[in-house]
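Undergrad: Please find the sequence and the predicted model below.
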Amino acid sequence: MKKLSISQALRNNQNYLIIFIICLFTIVLITYQFLSYRKSLMDKVLSIGQLISSNIAPAMTFNDLVEVGRVLDTLKHEKDIVSASTYSLENKLLVTNNKQTISHLKGKMGQWEHKESWVHLNSYFFAYAQAINDSDAKILGRLIFVVSAKPFLNYLGTVILLTLFLSVIAVLLSRFIMKRMTNNIVKPLSSLGARMSVISKSNNYQQEITDSSFENKFQYDEISVLTTEFQHLMGVIRSSHNNLQTMNLDLEDLVSKRTTERDLERMKAIQSGKIAALGAMSAGIAHEINNPLAAIKVSSDILSMMVEEKMLDEKVLLKITTDIHNMVDRITTIIKGLRSFTRDGSQDPLIETDIHKVIEETLVFVKCRFKNNNVQLEINVNEKDLTVMCRSSQISQVILNLLNNSYDAIEEYPDKWVKVEAFREAKKIGLTVTDCGPGIPKEILERLFEPFYTTKGLGKGTGIGLSISSSIMESNGGKLVYDDKCPNTRFRIEFNI
């Protein structure tokens with residue numbers, strides 16, 4: 001939509017206002033003239049009808065139609081009443097002062113009763129009927145006037161034309177006055193605005209605002225005051241601009257310093273969380289390692305006994321060595337997972353990673369802890385081809401944090417369970433961690449991902465926190481969200497595909 005200048009807007013609004021006033025005035029004038037004419041005409045015809053009726057009643061009694069015609073001829077000077085006629089009780093024409101209008105009354109005679117009434121004949125002709133009564137109130141006949149609205153319409157047309165003529169003059173005069181006013185006010189303002197625009201576009205706040213030719217020509221004190229105030233404002237802007245430039249340089253250094261400090265604090269928080277998590281899971285990890293070590297020791301004792309007894313059996317030897325190999329692989333997997341978990345992978349590139357493998361490496365840390373505390377851990381990752389671009393060590397940290405949060409939240413429940421499920425949707429793949437909790441209250445949910453916010457008791461905040469977990473997911477091209485549609489407590493790790 002094209003923007004209008006102040007002068008154009010003033011002229012347009014003025015024109016709209018004048019046209020609206022003219023239309024409203026014309027409608028009110030026409031309505032007033034019509035209602036006034038209608039009332040005056042009806043009163044006039046009624047009084048004339050009563051007068052004529054009383055005058056011709058004696059002549060009608062004696063059937064003196066000449067006298068009736070003489071009385072009706074007295075109405076010829078009335079412009080509104082074009083004809084006056086008398087009819088018998090059988091609707092037979094007795095006398096008329098204008099035979100040309102008789103045709104207008106054909107077919108209308110049956111519409112009147114013997115009382116005062118009006119009937120519309122055609123475009124601007126009306127008929128008024130009145131009974132002629134003698135001194136005994138006996139009906140002798142009917143008096144009918146044919147009334148024309150044409151004189152009134154001619155008068156009304158003249159009034160409308162005169163109104164429109166005066167309206168045009170008013171519009172032209174007001175436009176001339178408004179043009180002079182807007183030119184004397186808007187042009188200096190436009191000139192001042194143009195100079196300000198030049199300064200704004202050039203970003204050169206060192207320029208001075210001088211008086212324009214318009215301001216010198218018309219000597220507007222208000223415009224001069226405005227120019228002076230703008231000059232003062234430009235001085236303030238120049239000073240503020242210089243101060244801002246200095247502050248920006250200082251702020252850039254401060255932001256760089258604070259960003260480095262924040263990154264260091266974040267890394268410390270992550271590493272502290274890892275150490276705390278490992279401390280909480282150390283018994284389970286030791287159990288996971290001790291079991292295969294014990295099995296290896298038993299297998300080696302069996303081998304020693306078989307050598308001493310010289311009872312070497314190839315099939316038995318093959319089975320024992322295979323078991324030892326599997327146990328070593330299991331310990332290697334645990335150690336590898338620990339190394340991956342404890343290292344700082346924030347600078348690692350994003351690589352194709354199988355979610356199944358990340359889940360498998362993470363579950364090693366919690367299986368024993370969940371089992372020892374009667375927490376049922378259900379794993380459903382049957383979806384195939386769940387490969388995403390991420391840093392596996394960081395995603396493992398997020399999954400472990402969710403599992404530990406679930407463990408802490410349901411620790412006091414009698415029937416405890418946690419589910420880890422993989423999913424594939426139209427444009428997303430990922431996994432969910434669900435526990436038997438009833439969900440997170442709304443008042444807590446609003447602050448769930450705030451830094452340093454926790455609902456855990458003292459000494460239980462061992463994870464890396466949902467805020468950092470969410471930040472890690474964003475740095476890996478995914479996101480961590482709470483699923484408020486689930487009846488239980490569920491978090492979703494999502495990656496777009």
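TA: Sure thing, it's come through. Numbers count the residues shown, from 1 in each chain.

Undergrad: What is the neighbour count of residue 403?
TA: 25 (other C-beta atoms under 10 Å). The C-beta positions use only the backbone N, C-alpha and C, and glycine is treated the same way.

Undergrad: Surely it is in a helix?
TA: Yes. Assignment of residue 403 by DSSP: H, G, I helix; E, B strand; the rest coil places it within a helix.

Undergrad: so who does it touch?
TA: 362, 366, 418, 420, 433 (C-beta atoms under 8 Å, 6 or more residues apart in numbering).

Undergrad: Show me which pair in those is furthest apart.
TA: Spanning the widest gap among the contacts of residue 403 are 362 and 418, at 12.6 Å by C-beta to C-beta.

Undergrad: any weak-confidence spans in the stretch 251-400 of the chain?
TA: Applying pLDDT under 70 to the stretch 251-400 of the chain flags residues 259-291, 295, 298, 312, 326, 330, 333-334, 336-347.

Undergrad: can you give me the helices in it?
TA: 314-342, 355-363, 367-372, 392-409 (DSSP state H, counting those that start in this stretch).

Undergrad: List the buried residues in the third one.
TA: Along helix 367-372, these residues count as buried under the neighbour rule (16 or more other C-beta atoms under 10 Å): 367, 368, 369, 370.

Undergrad: Repeat that for the second one.
TA: Buried residues in helix 355-363, defined by neighbour count with 16+ other C-beta under 10 Å: 355, 356, 358, 359, 361, 362, 363.

Undergrad: Likewise for stretch 48-59?
TA: Buried residues in stretch 48-59, counted by 16+ other C-beta under 10 Å: 48, 49, 52, 53, 56, 57, 59.

Undergrad: List just the nearest of the contacts of residue 403 to residue 171.
TA: Closest to residue 171, out of all of the contacts of residue 403 and judged by C-beta to C-beta, is residue 433, at 76.5 Å.

Undergrad: The one helix or strand the closest one maps to pairs with which strands?
TA: Per DSSP states H and E, residue 433 falls inside strand 428-435. Using DSSP bridges, the strands paired with strand 428-435 are strand 416-424 (antiparallel), strand 489-496 (antiparallel).

Undergrad: how far off helix 392-409 does the last one point, in degrees?
TA: Comparing the axes of strand 489-496 and helix 392-409 via axes from the mean of the first three to the mean of the last three C-alpha atoms, to 10 degrees yields an angle of 170 degrees.

Undergrad: How far away from the center of its chain is strand 489-496?
TA: 30 Å (C-alpha atoms, centre = their mean, to the nearest Å).

Undergrad: in that strand, what's buried?
TA: Across strand 489-496, burial judged by 16+ other C-beta under 10 Å covers 489, 490, 491, 492, 493, 494, 495.

Undergrad: Any figure for the gap between the closest residue to the first one other than its chain neighbours and residue 411?
TA: I take that to be residue 489. With C-beta to C-beta, 6 or more residues apart in numbering as the criterion, residue 489 has its nearest non-adjacent residue at 3.9 Å, and that residue is residue 437. Noted for residue 437: a distance of 11 Å to residue 411, by C-beta to C-beta, to the nearest Å.

Undergrad: Have a look at these two and say which one is more surrounded.
TA: Higher neighbour count among residue 437 and residue 411: residue 437, with 16 against 11, using other C-beta under 10 Å.

Undergrad: close enough to count as contact, that one and residue 487?
TA: No. Using C-beta atoms under 8 Å, residue 437 is not in contact with residue 487, being 10.0 Å away.

Undergrad: ok, the residue nearest to residue 380 when sequence neighbours are not counted - contacts?
TA: Once flanking residues are discounted, residue 380 sits nearest to residue 421: 4.4 Å by C-beta to C-beta, 6+ apart. Contact analysis of residue 421 by C-beta under 8 Å, 6+ apart lists 380, 381, 431, 432, 434.

Undergrad: For residue 402, see how far away residue 421 is.
TA: 12 Å.

Undergrad: So what's the residue count around residue 197?
TA: Residues lying near residue 197 (other C-beta under 10 Å) number 10.

Undergrad: Which of the three states applies to it?
TA: helix.

Undergrad: how near is it to residue 190?
TA: For residue 197, the distance to residue 190 - C-beta to C-beta - is 10 Å.

Undergrad: Check what pLDDT residue 38 gets.
TA: Per-residue pLDDT puts residue 38 at 76.

Undergrad: following the helix or strand where residue 44 lies, which helix or strand shows up next?
TA: Element membership of residue 44 [criterion: DSSP H and E] is helix 6-61. Using DSSP H and E, the helix or strand that follows helix 6-61 towards the C-terminus is helix 65-73.

Undergrad: Neighbouring strands - and their directions - for the next helix or strand after that following helix?
TA: Using DSSP H and E, the helix or strand that follows helix 65-73 towards the C-terminus is strand 81-87. Here strand 81-87 is paired, per DSSP bridges, with strand 93-96 (antiparallel), strand 139-148 (antiparallel).

Undergrad: and among these, the most buried is which?
TA: strand 139-148 (a mean of 21; mean count of other C-beta atoms under 10 Å).

Undergrad: Run the chain-centre distance for that one.
TA: Centroid separation for strand 139-148 versus its chain: 70 Å, with C-alpha atoms, centre = their mean.

Undergrad: send the alpha carbons of it over as CSV?
TA: Only the C-alpha atoms of strand 139-148 are listed here, as CSV (Å, rounded to 0.1, in the frame of the first residue of the first chain):
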residue,chain,number,x,y,z
ILE,A,139,-74.3,11.7,2.1
LEU,A,140,-75.1,13.5,-1.2
GLY,A,141,-72.1,12.5,-3.2
ARG,A,142,-68.3,12.5,-3.2
LEU,A,143,-65.8,15.3,-3.8
ILE,A,144,-62.5,14.2,-5.3
PHE,A,145,-59.3,16.3,-5.8
VAL,A,146,-56.5,15.2,-8.1
VAL,A,147,-53.3,16.5,-6.4
SER,A,148,-49.9,16.8,-8.2
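
Undergrad: per-domain residue ranges of this structure.
TA: By the assignment in automatic domain parsing, the chain contains the domains 6-161, 273-496.

Undergrad: Now distance to residue 241 too, for the ones you listed, in JSON lines please.
TA: What follows is those, written out as JSON lines (distance: least, C-beta to C-beta, whole Å):
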{"stretch": "domain 6-161", "distance to residue 241": "29"}
{"stretch": "domain 273-496", "distance to residue 241": "35"}
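
Undergrad: These: which one's closest to residue 258?
TA: Per C-beta to C-beta, nearest to residue 258 of these: domain 273-496, 14.5 Å.

Undergrad: Switch the helices of the stretch 251-400 of the chain over to JSON lines; also include distance to residue 158.
TA: What follows is the helices of the stretch 251-400 of the chain, written out as JSON lines (distance: least, C-beta to C-beta, whole Å):
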{"stretch": "helix 314-342", "distance to residue 158": "101"}
{"stretch": "helix 355-363", "distance to residue 158": "92"}
{"stretch": "helix 367-372", "distance to residue 158": "103"}
{"stretch": "helix 392-409", "distance to residue 158": "90"}
